[in-house]
Structures are given as structure tokens and as C-alpha cells.
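**Student:** Predicted model follows, preceded by the sequence.
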Amino acid sequence: MRVINVAAAQMGPIQRAESRQTVIPRMIALMDEARARGADLIIYPELALTTFFPRWYMEDQAEVDAWFEREMPNAATMPLFSRAAEYGMAMSFGYAELTPDGHHFNTCILTDKSGKIVGKYRKTHLPGHSEFDPERAFQHLEKRYFEPGDTGFPVWRNMGGIFGMAICNDRRWPETYRVMGLQGVEMVALGYNTPSVNSQKSDEGPEKRLFHNRLSVQSGAYQNATWVVAVAKAGVEDGFPLIGGSLIVDPNGEIVAEAKTEDDELLVHPCDLDATVFGKKTIFDFARHRRIEHYGLITSRVGAVPPPEA
């Protein structure tokens, strides 16, 4: 058995006026609880340090850049790294990254138990739009503030296992999990900030959004025989609600832990990485069963093209 005791650290809302210096103590409090419950790894949400700022339309680039981190760790986050190293606890969290050469990414990192960053992933599938849309109930401007990630979907060896990362909308795309699955991934850390209502379909509310969240994560886990730990930032931020529903899913696609609130809440579960072996050697033994000669459209075509009409 290769058991990783994983803590999914759901975070409640962060208001626009709240600083990183307000947020970091909340993250440390969750880490303190995780240590008391024997966690080896703690996973926080997407954009864990700030409110979900892409809901706000901004034209001043300096105002936009204030939401981004220019280095990691930095002065604000160093206490989090220090506490993780003190506890010997690996961690993953998401943040807005501004690179030295001026690129903006929706990013997450993975550390080892010494607090050293061993992996970085930049969000690939950016949802939303790039300009103010008066037809929407609220704005979702990720395409305005972020560039599509340039990392692909790498995996890393850490704590005796093979780990990958994904962010929010990535979970809805099967390619996300399959690329990591083809590298033998055994656990995917996934953070999200998902509005409780679809901005373009008002009757799609929290119940349906939570259903799609479970569906996406469970199918990705099952079809690649991997653990997936999906962690929300939830609750009402400046009047805009986000779903909770953080969950830990096993390699059979079954939910083994799920959040009950939309506040700061910790889920802890012992995840045996060897539980991935059976699926990888049987129904999802890719080397035996995949037929890549028939999959060309997946990488040669972006949009759907129906067959010609008779």
C-alpha cells in the first residue's frame, strides 16, 4: 500500500476588499487542522489567494495586475510555505501568475514535503469571454485577463507517487485526464471557482452545477484509474455565489468524501495510490486496448464539422 493522507481544503468566500494577509491565516488554519488529522498533502482551490476577480470588468492594466503574483513564494505567502515545511506537508494551491516577461496565467503549484515547488501547471481551457457582455447575468472574463496555459498537462513524481494538476474548466474536458493518464497519473489535484448559476442560462442553478461537477470528476477518475481531489472556493463573494461540493474521488469513480458547506471546510481521506493499479492493468490498460489509428480528429480538428448533407 502507498497511502497518501490527503486534505481537500475547501475555502469559503473571499471578498474583493480582502487582502492576501487576511486570506493566508485562513489557509494556515486549515493546514493546522490537516496536520492534526494526519495529512501528508493539502490541496487548496483555484485562485486561493484572492476573490474570483474575473467577474469584474477592468480596463486599467495596473488594477488587473494587482491581482497577480510576480513570484512564488513571496512575502505574503511565505508563512504558508514555512508552516508546510515545518509540518512536513506537501501542498498545492492556485493563484494568478504574472511572469517576469509579462505573461498572465491562471496557475497552480505542487510542493514536496520540504516546501520546495516541484510542479507548476497553467490552466489550459479558459472559459468565458474577453469583452464586457451586457447579455450576461454577470461577467466571466478569464479570456480577458489570462492567456491559455503553455505547460500542457505534465505529471510529477512526488511522495512515492505520480501527481498531476488541473484547474476548474479543465475538469470538463476528457483530454485533460487522458493526457495525464497516458503518463501514469495516480492523483490529480484540481481547484475550482465555479459560479452557482450559469451566466448565459439562468435556469441552470446550483443543483445542476454540482451534478456536472461530480460527473466531470468521477468520469475523469474512472476512465484513467486515478484519484482526483477537486477543491472549491465557495460561498457568496460580493453578492456572487460560488458552488462548494469539494470532493475526493477514487480510481473507480466513486466519491469517498464530499463537502457539506460553502465555508472553509476540510475533507481528509487516506488515498492508496496502489488502488489505481487494477484499473490500469485491466479495462484501462491503454497499451493493450487503445486504438490511436482512429483518434486523429482529436488533435487535427478544433470545432465539430458535421458530415455533408445528402
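**Tutor:** Structure's in. What do you need? Here the structure is a predicted model, which is why all the values come from computation and not from measurement.

**Student:** Distance check, E18 against T50.
**Tutor:** Separation of E18 from T50 (Cβ to Cβ, to the nearest Å) stands at 8 Å. From N, CA and C alone the C-beta is placed, and that goes for glycine too.

**Student:** Who has more neighbours out of those two?
**Tutor:** T50 (22 against 15; other Cβ atoms under 10 Å).

**Student:** Show the contacting residues for the more buried one.
**Tutor:** By Cβ atoms under 8 Å, 6 or more residues apart in numbering, T50 lies in contact with 14, 20, 23, 67, 95-96.

**Student:** State the distance from it to L267.
**Tutor:** Distance from T50 to L267, by Cβ to Cβ: 23 Å.

**Student:** Please apply the same query to K143.
**Tutor:** As judged by Cβ to Cβ, K143 and L267 stand 31 Å apart.

**Student:** Surely V188 and G164 touch.
**Tutor:** Yes: when contacts are counted by Cβ atoms under 8 Å, V188 is listed as touching G164 (4.8 Å).

**Student:** which neighbours do those two share?
**Tutor:** Common contact partners of V188 and G164 (Cβ under 8 Å, 6+ apart): 180, 226.

**Student:** Which secondary structure elements does the lengthiest helix in the chain sit against?
**Tutor:** Under DSSP state H, the helix in the chain containing the largest number of residues is helix 206-224. Here helix 206-224 touches helix 174-181, strand 187-192, strand 227-232, strand 247-249, going by 3 or more Cβ pairs under 8 Å, 6 or more residues apart in numbering; DSSP states H and E.

**Student:** buried set for stretch 276-292?
**Tutor:** Burial within stretch 276-292, assessed by neighbour count using 16 or more other Cβ atoms under 10 Å, is assigned to 276, 279-280, 284.

**Student:** How about stretch 84-99?
**Tutor:** By neighbour count with 16+ other Cβ under 10 Å, stretch 84-99 contains the buried residues 84-85, 87, 89-98.

**Student:** Closest one of these to Y177?
**Tutor:** Distances from Y177 to those, taken as Cβ to Cβ, are shortest for S92 (16.5 Å).

**Student:** how far away is that closest one from G244?
**Tutor:** From S92 to G244 the distance is 18 Å (Cβ to Cβ).

**Student:** now T276
**Tutor:** In terms of Cβ to Cβ, T276 sits 27 Å off from G244.

**Student:** which residues in this structure form helices?
**Tutor:** Counting by DSSP H, the segments of the chain that form helices are 20-36, 61-65, 78-87, 142-145, 174-181, 206-224, 277-281, 286-289, 296-300.

**Student:** Report the mean confidence score over the second one.
**Tutor:** In this model, helix 61-65 has a mean pLDDT of 98.

**Student:** Give me the contact list for that helix.
**Tutor:** 58, 98, 104, 145.

**Student:** These: which two are farthest apart?
**Tutor:** Checking those with Cβ to Cβ, the most distant pair is M58 and L98, at 14.4 Å.

**Student:** Now pLDDT and distance to H289 too, for the buried residues of stretch 84-99, in a markdown table please.
**Tutor:** Output for the buried residues of stretch 84-99, formatted as a markdown table (pLDDT from 0 to 100; distance: Cβ to Cβ, whole Å):
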| residue | pLDDT | distance to H289 |
| --- | --- | --- |
| A84 | 98 | 40 |
| A85 | 98 | 43 |
| Y87 | 98 | 42 |
| M89 | 98 | 37 |
| A90 | 98 | 33 |
| M91 | 98 | 35 |
| S92 | 98 | 31 |
| F93 | 98 | 36 |
| G94 | 98 | 34 |
| Y95 | 98 | 38 |
| A96 | 98 | 40 |
| E97 | 98 | 38 |
| L98 | 98 | 43 |
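
**Student:** Provide the partner residues of G161 in its beta bridges.
**Tutor:** Counting by DSSP bridges, G161 is bridged to N158.

**Student:** count of neighbours near A166?
**Tutor:** Per other Cβ under 10 Å, the neighbour tally for A166 reads 29.

**Student:** Show the pLDDT at it.
**Tutor:** A166 is given a pLDDT of 98.

**Student:** please renumber so the chain begins at 53
**Tutor:** Let's use 53 as the start, then, which means that last one is A218.

**Student:** any idea how far it is from K253?
**Tutor:** When Cβ to Cβ is the yardstick, A218 and K253 sit 24 Å from each other.

**Student:** again with L267
**Tutor:** Separation of L267 from K253 (Cβ to Cβ): 17 Å.

**Student:** Of the two, which one has the most company?
**Tutor:** Shown here are L267 and K253; by other Cβ under 10 Å, L267 has more neighbours (13 against 10).

**Student:** Just give me the neighbour total for R68.
**Tutor:** When neighbours are counted by other Cβ under 10 Å, R68 registers 14.
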